[in-house]
Structure formats: structure tokens, C-alpha cells
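# Just need the structure, nothing else, for what follows:
(chains A and B)
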Amino acid sequence: MTRLHALIAFVQRALGLSRRRHLNDDLDDELTFHLAMREAELVESGVTPADAAREARRRLGNRAVLREQSRDMWTFELMESTWRDVTYALRALWRAPGFAIVAILALSIGIGANTAVFTLVDALIVHGLPYAHADRLVVLIGNVERASVERRGNSYPDHLDWVKTATAFDGMAAYDSVTMTLERDEPIRIAAEGVSASYFDILGVGAARGRVFRPDEDQVEGRDRVVVLSDALWRSAFGADPGIVGRAIPLNGRSFEVVGVMPPGFTGVTDGALAWVPFVASGAALTSRGSRGFQTLARLKDGVTLAAAQTEMTTISKQLEAAYPETNEKRGVEVARLGPEILGDLQQSASLLMVAVALVLLIACANVANLLVSRSETRRREIAVRTALGAGQARLLRQLITESVVLAALGAIGGLVVAYGVLRLLISTSPVALPSFATPSLNLTVMIFTILVALLTGVLLGLAPAMHARLTRLADALKSSARGSSGGASRHTRGALVIAEVALTVVLVVGAGLMIRAVKNVNAIAPGYDANGVLTLNVTIPRLPAPATPGPPATSTPPPLVITSRALVARLAEISGVTRAAIGTDRPLGGASAVFYEAEGHPVESAQSRPRSYVHMVSPGFFDTYGIAFRAGRTFTDNELNPDSTAVIVSENMVARFWPGESPIGKRVRFGGPTAPWGEIVGVVPATKYRGLPDNPTADPDMFLPMVDRSSYVVAVRSTLPMASVESSVRRAIREAVPGAVIFGVTPLSEAVAQQTESSRFTTWVLGVFAAIALGLAAIGLYGVMAYLVSQRKREFGIRLALGAGSAEIVGLVMRHGLTMVGIGVAVGGAASVLLARWLSTLLFAVPAADPAGPLAVLVLIVVAVLACAVPAFRATRVDPVSALRNE
Amino acid sequence: MGDTRSGGGDFLPGTLDMLVLKSLSHGERHGYDIAKFIQRASDEVLRVEEGALYPALHRLEVRGWLRATWGVSDNNRRAKFYRLSALGRRELDRESEYWTRVAAAVTRVMRAT
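Next comes the predicted model:
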């Protein structure tokens, strides 16, 4: 503790901080003394004490002004001497260009990497969401407590009760993402949001043209045919028509009046919406608490904490559960901050990268500190002379720190250049799409960050040689000769720095290795289907265009059954290059819906264990096309493709739950209540990762039913040709078979798979780059120190060689020294990375706490280290004994 | 006592510094003592404006012409004592030589007919 205090006092003195504080006290004391003297004199001459005090103060004038004048003088002096130090430092660097270039380069890389990553952090975490009061925005997500708590949507009656009873919020708005078809010559599908009128107010965003929704527009059915356009859609689809507000546009076969256009960049909380329509519950959803789908956006009242809001919502949920046990048993609400909901993974990645680049900077610092120590060795005499001429130690320390701050400042300038390049590289090669509102740029916040980092770096760097200088006791330098043997202390300082550097590199390299391994593990997970070579296309048949006279709402007319699956599949199979084709209501990783079902002979025991399954309707070729193998039974036959068919294909985990060890074929399941007909299992497929990678969000099984005609579905083709080359012929085939079809969401399945792991892949890629930089820096540092040591021991080697030592002996001597440092560094870093691995494995999926990647990475480091030592070691053998000795 | 003219106006510019240096030429004094000394030595003609004295002392200290230490005054109070540094002594010599020349010159001009 006292050592720490001493250090702080030392630094303060060096920076002239303590002096200024003392100065104020001093001045006060001095003036008080003066007043007392004057008062005493006046009293002696016969003035009353009160008058004397007043007169004394009057003569002295305003103390605050005096204090200010005095302080200004010292500040000026401090600035002037700092300027002298800066110019002195620049001259010193100019005189040692080799040292300056290496040091500035290392710092540029370190500071640049930090700046680049901080720019991401700034865009994602500091700036965050582009809404007023973004920190108070939350999402209310209905959940259910089953084996684990699972997120679900909210029901409209529940939502209304929350709006009525909850007091923790400034406002609530229902929102749901919807896709709409904008009818034109070439109809397009657009992502939109159905939102309550209060939605825009909660986000604090108004329309750029026209208006947003009026409070009554989300209340009354039939009044909901209004739409707010995004700036992007207004420009792309309507040519930025200034008269758009008030115009009617055809959406989903009906006519909607455009009431407003949002400002550029506003994409809604789903960060992709092109239009907004009022959220209006209708039909059964209006009254059914069991029908859940959407989420609720809310803004916390000023000063209300998340925890308080959560407590209130839990209380309300309990009340609703008591009032409506049928539908609300075990139903709760999760109050989640909007920011992490949108940015979750990216924020984590950014934080992880920040840690990594901080390590890189520390390594760069260790490198430069090493150089500085070596330099201060050679400057010992200069420093000693200045000490003898009366420069105080604090003054010298300030000079050293100024020099390193100047160095760091130059590094920061280089760092900004590096950051600019790295940032562009990061963004252009990143497989992750950043949220539309996150625009990383080298803005003021980033600049301030860079300056702070540079200052901190400078002070740290300055302390290294200064501490070292204290160790070696400057005065001694005068006594010894200029080229005397380097002191043991300096060797220890340098050794410690190299060890620290190696240890940090080990941590970084092992960390990066683990991350890479984690991503490999995730990619190696067999999803149960073969994603390569599969192209999927979403197809929808829009409702007929709006009739001239407004007819009844389209929802009341059943969608026309316009396709026959068989015809379309047959047509697709004819395309050359397409080996398999299928259609289904959904695709792997494309979203699916669940139902509660019942297995024959297994009555439901409790709400929590009520069996649930995801249902997909598929054509017979579905399993072949996606490469899903059969464990038992068969796929559907063409004859089974009708609504009355009873055939069902289930995934293995359903069989394991109800009929372990038995043949599942012929067993019966049903869903839709006790009156629904039973379906008969005709086939069993493995439990695939159908709904998520690395794992399904819930452990529920999948159930496949024969495809019947639908107005929207997913087409899948397997092809041996590149995706791009089959896409156009598949599109054409669909158009021919299904006139008027809107095709959207064309995705190679492999891309959908890659998307699931993209954020961790991105992190890994960048971490790998940083680890490589760290490795390079460590190698340079090690090389530098070894080369320096060899040059210092030239005489010794010369003598050894003269006395008959072989080259091998000399090489061994140098290598032993270098590798001892590396060994200690690896040991320390290894211990630290075991802790790191444990932390990472709790943070990320599939990070093994112990993994061969670690030792492998260390091996790479050791090889690099051996090389870095070997070059100076062999140079040592080429010392000419005669010249080494004669140079004395 | 009732003199309200500003301190700077009492002296020619720069002369306060010189007078302060001079007052310290025979040893250390505290601020109050310096003011008294100048007043007394000038037969009460020059009165140091106290508000200007302390900034001047600190200015000279920053320039390195004065050294300051805390000590105890005659009446046993804690006071800040100033003394000349080597630099300050040289500065005093320079300024007094300059002053002598200028004063003599001014006197000659005033006496010229």
C-alpha cells in the first residue's frame, strides 16, 4: 500500500499536479500572514480592531483574483516547460530514426487495432439504438414455463390488460412483423410491421411527410387500411413521389391509403421493415387469450428499473393466471431490454474483440518499453549529466514520460490510419450484417478514445524506463564507463517484459485457437440434413387484385387452391441439373409452428409436460431433396397428398418418448383436440436441427404431414450445378406452373446454415488476425532483446571463442537464455489461458474447456520464438574474437 | 492611506520587480516586510500596492529569480520567506545598472535647457 502511495505521489510530482494543489494552500497562508501583520500595525496606531481588519482586507484587494493570477503564472510555466520537453523529445526521436520507426509502427498497430474495434463498440454499444430514451425501451415477451421457460408471443386480451394495469411504463405498443405483397407489374414482397398507434411515440420518431397513425386507427376494424412507408420504399417503389401522402396503393389485394413517410434510416424495431400498417386484432384473436403471436414494445417510466418493471409484470401475470387458468397457466412475461434483443450477439462479439485488442496493445507496449529500456541504457550518461546539473528526479521523470507520450501520440496518428484501413477491412469482409443504424465511423467519441489510449500508453511506457532508472540508480552511471557491462537490473527488466509479452501472446493465441475450434465444432455438428446443393425459394400466390368497389375483407374469402403440388414438383424435376425437387410449408432454419399433440395410449399428465411438436407439410420428395435419411418406414406416396390422408412421419425423439424399444410404424398420434382424427405413423426420420443451429431452441420433435395445396409454400431443389445457374430456370418453371406467383426469399440452404453461426465466425476470424499480429509483435520483441543481449556480450563471446569454445556452445548459451524467458512466459500464459478457456466455455457454445488447439497454438509460438532466438544466436558465433577484444 | 491610485501607476513599469529584488539583496524577507522595506527606504514616497506585490513575488519565483521557504516570523507566526537565487542576483545587477543609466538620462533631459 505504501509503495503504491509512493508511486502515486511520484507520478503526481512528476506531472506537477501536487505542486499546484500546494500552491493554493501556500498562497492562502501567505496572505493570511500579511493581513495579520497589517492588522496588528493598524491596531498599534490606534485603529479599532474591527476597522483594522476591514482596512487590511481592503488594501490587499480581492483574494480570489490574486489566487487566479498566481495560478495562471504556474500554469503558463508548466505549459512552457512541457513544450520544451516535447520539442526535446521530438529532436531525440529524430536522432534515433530506427528506434522511432519501429516503436511508432508497433504502437500504430496496437492503437490502430484498438481504435478500429472501439469504433465497432461505439456503434453497437455506446451509440446503440437510434431512438430517444433507447435505454428505457423494453420488449414484453410472453413466456411459458415448461421443462424450461420458453419465449412465446403475447395474446391481444393479455396485452390490453397490461396496458390497463401496468404502471411502470410510459406506453405500450403491440408489434408484429408481417410480409405484404405490393402489387405492381412485378409484384414484390415487402417486410412490414403491424404496429399499435402508440408505437412511433414510444420510439420517439415522427413521420418525415404526412403523419403516423392516429390513436383510433389501431382500434376500429375496417379503419385499418392506412399505411406508413419507409423512406427506402418511398424512393425505390414510388420514385420519391412528393404527392404520395393521400394516395392509395394496392397491398395484399386491398387498397391502402398512404398517410405518411418515415425519415430515412428508420426501419422499425425489426430493423428491416419497409412499411407499417396498424396492428388490429380481429376475429378470434380479439378475444382468445390462448392465441399468442406478437410482442409488445414498451418504454419504462423515467427512473423505473428493469427489475421493478419485471416484478410488476410478474404480479400482473399471476393475477391473470388466477383469473384465466385455462389459458394462462404457467404463463409469464419477460421484460427484456430492446438493445440486447436486437444487438445481443454482436455486442458480445465486440466486447470479446475489445479484450483481444487490449492484449495486442499491451504486447505492443511491452515491445516498445523494451526498446525504451535499451535506449535508456545508452542514454544513462546523458541522464546522469542532467541530474548532476541539477535536474530533479521528478523533472527527469516528467521528461521521460513526455517523450513516451510524444511517441504514443505519433503512434496514435499512425493508429488512426491503421484503424481506417482495418475498419474498412472488418466491415467489407464481415459475414455479419451490422444493424442498419450502426454506422461505424471514426467520429469524435472514437477520437477521444484514441487520445485517451495514447495518453495511457505514453504514461505506461514512460514509467517502464523510469522505474528501471530508479533501480539502476542514476548516479552510478557517472562512475562507470559509458560502455560498461549492462547492469543486472536492466537485464531483469527486459527479461520481465519479454516474459510478459510471451505470456500475453499465449493467452491471445490460445484464446483465438479455442474460438476457431468452437466454430469448427459448430460447423461439424451434423444437422441431420445435407445443406449443400439445396436452393430454397419462397412462393406465394397473392390474393386477387382489389376489386374496383370495396368488397368484403379478403380474410373472409378462403384463399384459392391454386396449385397442385404434384404438377409443380414434376415440372421442377424436368429442369436439367435439378436432381430432386420438393415443396413444403417451410424449410429447415426457416421458421415453423408448433402444435400440442397426443400420442395414443399416453394421456396428458400436466400442462408442463403436454407434448408439443413442430408440424411441417411436405411433398414425398422432401426428405430426399434435403438429404434426410429414414430410420424406419417410408416417405409419403402421391396418393397420400390429400387433406383426408392419415399418414404421418415423425422424428426419432417422439418415438423415443412414447414408444421406446417398440416399432413405431402404425402407432397413432393426433392434434387439434379429442375429436380430431388419428394420424398413423408411416415413417421415422432422425431428430434434425430443423429449427436452429447449433441446436434447436427447444427439444420438441418434428411431425411431417402430406403437403396439400396452399397459397404460400417453400420450393426446394437439389442440384449438382451452381445455385446461380439453376435459379433462373427454377423461377421460370414456377411461373409457368403457377401463374401470378410471387417468388421471394431465394436462399441456398448452405447460406441459411452459415448465417446461424456467422457472428461467432466473424469473431473468430478477427481474433485470428489479432493473434497473428500478437505473434508477430512477440517475435519482433524477442528478436530485439536477444539481438541486443548478443551485442552486449560480444566481448564475452569473443573471449569464449578465443579460448576454444565451439559454435554450438555459443548458440546453446544464447538459445538457453532466450528459451528460458519463453518457457516462463509460456508457463504463466498457459496458466492464464486455462482460466480464459473456462470463462469462454461458459460464454460460447461448443468451446471446450480443454482442447488440443491450445497446446498446438503454443507450439506455433515456441517455433516462432526459437526462430527469433536462433538468428541472434548464430550471429554470436560469427563474432571475430580479435576485433571484439581490440575494440576495448 | 487614502491613496487610491493603482500600484502599477505608482512605479514605472517593471520597477516593482527591481525594487523587490533589491529589498532582498541583504537577506531573506517575507512579503509584508518587503512592502515595509520599500516604503521605509523611499521615505514613504513609494507605497507598494499590496494586491500587486504577491503576484509579482510569484512571478519572480516562477522565473527562478527568487527562492521561497516557509519559516517563522519575529512574532512567531508561520510566514513565507523569499531570498534571491543566483539568477535573481544577476538580474538585480542588470536591472539596477539599467535603471541608473535611464534615471541619469531622464534627469539630464529634465535639466536640459
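
# Tell me which residue of chain B lies closest to chain A.
Nearest residue of chain B to chain A (C-beta to the nearest C-beta) works out as B:Gly51 at 3.1 Å. Placement of C-beta: from N, CA and C, glycine included.

# Now whatever residue of the stretch 651-800 of chain A ends up closest to chain B: which helix or strand?
Relative to chain B, the nearest point of the stretch 651-800 of chain A is A:Tyr788 (39.8 Å; C-beta to the nearest C-beta). Assigned by DSSP states H and E, A:Tyr788 falls within helix A:758-792.

# Just give the closest residue to the residue of the stretch 651-800 of chain A closest to chain B, not the sequence neighbours.
Take A:Tyr788 and drop its neighbours on the chain: the residue closest to it by C-beta to C-beta, 6 or more residues apart in numbering or on different chains is A:Ser374, 5.4 Å away.

# same for the helix or strand where that neighbour lies, what does it pack against?
Secondary structure assigned from DSSP H and E places A:Ser374 in helix A:338-378. In this structure, helix A:338-378 makes packing contacts with helix A:97-121, strand A:137-145, helix A:393-429, helix A:444-472, helix A:488-524, helix A:758-792, judged by 3 or more C-beta pairs under 8 Å, 6 or more residues apart in numbering or on different chains; DSSP states H and E.

# Contact residues of chain A facing chain B?
A:26-27, A:29-31, A:33-34, A:36-38, A:40, A:55, A:59-62, A:65-66, A:69-70, A:73-74, A:76-77 (C-beta under 8 Å from any C-beta of the partner chain).

# One more pass at 6 Å, please.
Residues of chain A found near chain B (C-beta under 6 Å from any C-beta of the partner chain) are A:30, A:33-34, A:37, A:59-61, A:66, A:69-70, A:73, A:77.

# Now restrict those to buried residues only.
Burial by neighbour count, judged by 16 or more other C-beta atoms under 10 Å in any protein chain shown, picks out A:30, A:33-34, A:37, A:59-60, A:66, A:69-70, A:73, A:77 from those.

# can you pull the contacts of A:Ser259?
I think there's a mix-up here, since residue A:259 is Val and not Ser. With contact taken as C-beta atoms under 6 Å, 6 or more residues apart in numbering or on different chains, A:Val259 is in contact with A:210-211, A:226.

# from those residues, which single one is nearest A:Leu93?
Checking these against A:Leu93 by C-beta to C-beta gives A:Gly210 as the nearest, at 61.2 Å.

# Beta-bridge partners for the closest one, please?
A:Gly210 forms beta bridges with A:Gly260, as assigned by DSSP bridges.

# Do you know the pLDDT at it?
For A:Gly210, the model assigns a pLDDT of 92.

# Could you identify which of the contacts of A:Val259 has the most neighbours?
With neighbours taken as other C-beta atoms under 10 Å in any protein chain shown, the top of the contacts of A:Val259 is A:Val226, carrying 20 neighbours.

# ok, now which ones touch that residue?
The contact partners of A:Val226, taken as C-beta under 6 Å, 6+ apart, are A:217, A:257, A:259.

# Please apply the same query to A:Gly458.
Shown in contact with A:Gly458 (C-beta under 6 Å, 6+ apart): A:404-405, A:408.

# Got a quick PyMOL command for the buried subset of the residues you listed?
With 16+ other C-beta under 10 Å as the criterion, this PyMOL line picks the buried residues out of the contacts of A:Gly458:
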select buried, chain A and resi 404+405+408
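
# which residues touch stretch B:24-39?
By C-beta under 6 Å, 6+ apart, stretch B:24-39 touches A:34, A:37, B:19-20, B:23, B:46-48, B:53, B:79-84.

# Would you mark the buried spots in the longest strand anywhere in chain A?
Counting by DSSP state E, the longest strand found in chain A is strand A:169-182. Neighbour-count burial for strand A:169-182 flags A:169-170, A:172-182 (criterion: 16+ other C-beta under 10 Å).

# Take those residues and lay them out in CSV including distance to A:Pro588.
As requested, those are arranged in CSV below (distance: C-beta to C-beta, whole Å):
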residue, distance to A:Pro588
A:Phe169, 38
A:Asp170, 41
A:Met172, 35
A:Ala173, 33
A:Ala174, 30
A:Tyr175, 27
A:Asp176, 24
A:Ser177, 20
A:Val178, 23
A:Thr179, 19
A:Met180, 25
A:Thr181, 25
A:Leu182, 28
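
# so which of the residues you listed comes closest to chain B?
For the buried residues of strand A:169-182, the minimum distance to chain B (C-beta to the nearest C-beta) is 56.4 Å, reached by A:Asp170.

# from what I can see that closest one touches A:Leu297, true?
No: contact criterion C-beta atoms under 6 Å: A:Asp170 and A:Leu297 do not qualify, at 11.2 Å.

# Looking at the contacts of stretch B:24-39, state which has the most neighbours.
That'd be B:Val20 among those, by other C-beta under 10 Å, with 27 neighbours.

# what's the helix or strand for that one?
Counting by DSSP H and E, B:Val20 is found in helix B:15-23.

# Show me what that helix is packed against.
Judged by 3 or more C-beta pairs under 6 Å, 6 or more residues apart in numbering or on different chains; DSSP states H and E, helix B:15-23 is in contact with helix B:31-41, helix B:86-111.

# Show me what counts as buried in the last one.
Buried residues in helix B:86-111, counting neighbours by 16+ other C-beta under 10 Å, are found at B:88, B:91-92, B:95, B:99.

# ok, now which ones touch B:Arg67?
Shown in contact with B:Arg67 (C-beta under 6 Å, 6+ apart): B:83, B:85.

# again, only this time at 10 Å
B:Arg67 makes contact with B:24, B:28, B:60-61, B:81-88, according to C-beta atoms under 10 Å, 6 or more residues apart in numbering or on different chains.

# again with A:Ala89
Neighbour list for A:Ala89: A:399-407, A:409-410 [criterion: C-beta under 10 Å, 6+ apart].

# picking up where we left off before, from the contacts of stretch B:24-39, pick the one nearest A:Glu600.
Distance to A:Glu600 across these (C-beta to C-beta) is lowest for B:Lys80, with 101.4 Å.

# Which helix or strand contains the closest one?
Element membership of B:Lys80 [criterion: DSSP H and E] is strand B:78-84.

# ok, that strand: who's next to it in the sheet?
Counting by DSSP bridges, strand B:78-84 is paired with strand B:29-30 (antiparallel), strand B:66-72 (antiparallel).

# For those, which has the smallest mean pLDDT value?
strand B:66-72 (a mean of 86).

# quick one: buried residues of that one?
Under the neighbour-count criterion of 16+ other C-beta under 10 Å, strand B:66-72 has B:66-68 buried.

# Closest one to A:Val822 out of these, please.
Nearest to A:Val822 among these: B:Arg67, at 53.5 Å, using C-beta to C-beta.

# For the closest one, list each beta-bridge partner.
Beta-bridge partners for B:Arg67, by DSSP bridges, are B:Arg83.

# before we move on, what about the one 5 residues further on?
On the basis of DSSP bridges, B:Val72 is bridged to B:Arg78.

# show me the contacts for it.
B:78-79, B:81.

# which residue does the stretch 151-300 of chain A bring closest to chain B?
Counting by C-beta to the nearest C-beta, the stretch 151-300 of chain A gets nearest chain B through A:Gly204, at 53.3 Å.

# check contacts around that residue.
So A:Gly204 contacts A:130-134, A:137, A:299 (C-beta under 10 Å, 6+ apart).

# at 6 Å instead, please
A:131-132.

# What values do phi and psi take at it?
Note on A:Gly204: its backbone torsions stand at phi 70, psi 30 [degrees, to the nearest 10].

# So for it, what's the pLDDT?
91.

# Now do it against A:His133, distance only.
Distance of A:Gly204 to A:His133, computed by C-beta to C-beta, to the nearest Å: 6 Å.

# can you check A:Leu537 too?
From A:Leu537 across to A:His133, the span is 41 Å (C-beta to C-beta).
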